[in-house]
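Trainee: next comes the sequence, and after it the predicted model I'd like to discuss.
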Amino acid sequence: MQNEIITFTSPKASASEIFRTLRTNVQFMNVSSEQKSILFTSTQAGEGKSWISANLAITFAQAGKKVILVDTDMRRGRQHEIFELPNNKGLSNYLILSTKNPKDELHEYIQKTAIDNLYVMTSGIVPPNPSELLTSKKMIDLIKTLEEMADIVIFDSTPSTMVTDAMAISRYVGSTLIVASYKKTKMETLKQIKKNIENVGGKVSGIILNRTPANKKEYGRSYYYESSMVSSGMKWRRNPKISQGFRRFGKKASEEEELKVQQIKQKLDEVDEKQKINEQKNINDEELNGLLKQLAKYIDNK
């Protein structure tokens, strides 16, 4: 738990700021349609889907929203491990055993977490027929009920190239986000997953590019970070031009302005130290930007 829910254990870390940026983008994405549910899927296992959905759920809860995180991966669900919760009564148990009105019985299957406003419905026991359970009328009714109970409902689903569970649910939720892994996920696979989801009536709202390494050596001890979502891709890198601007500004500034610059540098130094726990090799900016442009073009159907 301590290592994975970084938005709770290290709210000032640079990675936490990225999740807050993602939260803002998701809110803008849903502002016109008032969608209350989001489904997370990926192309294959190990791309960070469960980690991202858990931390995004936390940032929404920290913003005062009532959030219900549902682990719909009834084969290899991980949310109970991330939040250190028992998994003896979860989604599969509810879909198999529940016979009453959802609102009358759901409190037995939804657990409170250490984070205020955040509740988790774990995956439950491994059933013999998860796909059939997820396409049942009870599951459809459950989605609607959860949307009435919470401000936002986040579904952590299965990888879409392995099983069809995510596609089965996607048509009943507000939007779907696909998690891709830097230098690992193939563009052809992303296109196929998007097509499959849309063929069943689902809506793909974007792609989150995960495991994008920070380029430290090229920019040295810069004191400015840039965080941005490029259409459907997310990147985090330093901006050398603005960094140089800060240094030039510091030399010619008044005492008050110099103090502000030093305060900013001190805070970013703290971020720098925390980033060292996730050191990765340098990236080629041109290659990364090219991939992000491809993702944006792909999602915009251009």
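Mentor: Okay, I see it.
Trainee: CA only for contacts and neighbour counts going forward, please
Mentor: Noted.
Trainee: ok, and the closest non-adjacent residue to T59?
Mentor: In space, and not counting its chain neighbours, T59 is closest to R20: 6.2 Å by C-alpha to C-alpha, 6 or more residues apart in numbering.
Trainee: and for S181?
Mentor: Here the residue nearest S181, using C-alpha to C-alpha, 6+ apart, is N210, at 4.9 Å.
Trainee: my read: that neighbour touches Y182, true?
Mentor: Yes: between N210 and Y182 there is a contact at 6.0 Å, judged by C-alpha atoms under 8 Å.
Trainee: the two - which one has more neighbours?
Mentor: N210 (20 against 16; other C-alpha atoms under 10 Å).
Trainee: what's around the closest residue to T72 other than its chain neighbours, how many residues?
Mentor: With sequence-adjacent residues excluded and distances taken as C-alpha to C-alpha, 6+ apart, T72 is closest to S157, at 4.9 Å. S157 is flanked by 27 other residues according to other C-alpha under 10 Å.
Trainee: can you show me the helices along this protein?
Mentor: Counting by DSSP state H, the segments of the chain that form helices are 6-9, 14-30, 49-62, 79-82, 91-97, 102-105, 130-134, 137-149, 165-170, 187-199, 240-252, 255-275, 285-299.
Trainee: residues of the fifth one that come out buried?
Mentor: What it means is helix 91-97. By neighbour count with 16 or more other C-alpha atoms under 10 Å, helix 91-97 contains the buried residues 91-95.
Trainee: any idea of the mean pLDDT for that helix?
Mentor: Averaged over helix 91-97, pLDDT sits at 92.
Trainee: what does the longest one give?
Mentor: Predicted confidence along helix 255-275 averages 57 (mean pLDDT).
Trainee: change the start of the numbering to 32 and stick with it
Mentor: With the count now opening at 32, the last piece we talked about shows up as helix 286-306.
Trainee: about what we covered before: for the residue nearest to T90, give its distance to Y125.
Mentor: 32 Å (C-alpha to C-alpha, to the nearest Å).
Trainee: likewise for T52?
Mentor: Distance from T52 to Y125, counting by C-alpha to C-alpha: 34 Å.
Trainee: quick revisit: the helices of the chain: lowest mean pLDDT?
Mentor: Across the helices of the chain, the lowest-scoring stretch is helix 271-283, with a mean of 35.
Trainee: domains in the chain, by residue range?
Mentor: Domain assignment for the chain, taken from automatic domain parsing, gives 37-241, 256-312.
Trainee: can you say which of the ones you listed is packed in most?
Mentor: domain 37-241 (a mean of 19; mean count of other C-alpha atoms under 10 Å).
Trainee: what about it, how long is it end to end?
Mentor: Domain 37-241 end-to-end distance (C-alpha to C-alpha) = 15 Å.
Trainee: also stretch 193-209?
Mentor: End-to-end distance for stretch 193-209, by C-alpha to C-alpha: 14 Å.
Trainee: mind listing residues that contact it?
Mentor: Stretch 193-209 has contacts (C-alpha atoms under 8 Å, 6 or more residues apart in numbering) with 66-75, 104, 161-162, 165-166, 171, 174, 188-191, 227-228, 231-239.
Trainee: what's the answer for stretch 101-116, then?
Mentor: Under the contact criterion C-alpha under 8 Å, 6+ apart, stretch 101-116 has outside partners 32, 35-36, 81-82, 85, 117-118, 122-123, 142, 144, 151-158, 161, 184-189, 196.
Trainee: end-to-end on that stretch?
Mentor: 13 Å.
Trainee: one more: stretch 222-237?
Mentor: 12 Å.
Trainee: cool, and stretch 106-119?
Mentor: 14 Å.
Trainee: how about stretch 195-214?
Mentor: With C-alpha to C-alpha as the measure, stretch 195-214 spans 24 Å from end to end.
Trainee: next: stretch 74-81.
Mentor: 13 Å.
Trainee: repeat for stretch 60-78
Mentor: 23 Å.
Trainee: got a list of contacts for that stretch?
Mentor: 80, 84, 178, 182-193, 197, 201, 204-212, 216, 220-221, 224, 236, 241.
Trainee: taking the residues you listed one by one, which sit in strands?
Mentor: Mapping these onto strands (DSSP state E) picks out 183-187, 206-212, 236, 241.
Trainee: those into a markdown table, with extra columns for pLDDT and distance to A44?
Mentor: Below are the ones in strands among the contacts of stretch 60-78 laid out as a markdown table (pLDDT from 0 to 100; distance: C-alpha to C-alpha, whole Å):
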| residue | pLDDT | distance to A44 |
| --- | --- | --- |
| I183 | 95 | 24 |
| V184 | 97 | 25 |
| I185 | 97 | 23 |
| F186 | 97 | 25 |
| D187 | 96 | 24 |
| S206 | 92 | 28 |
| T207 | 94 | 27 |
| L208 | 94 | 24 |
| I209 | 93 | 24 |
| V210 | 93 | 21 |
| A211 | 90 | 22 |
| S212 | 87 | 21 |
| S236 | 88 | 27 |
| N241 | 87 | 16 |
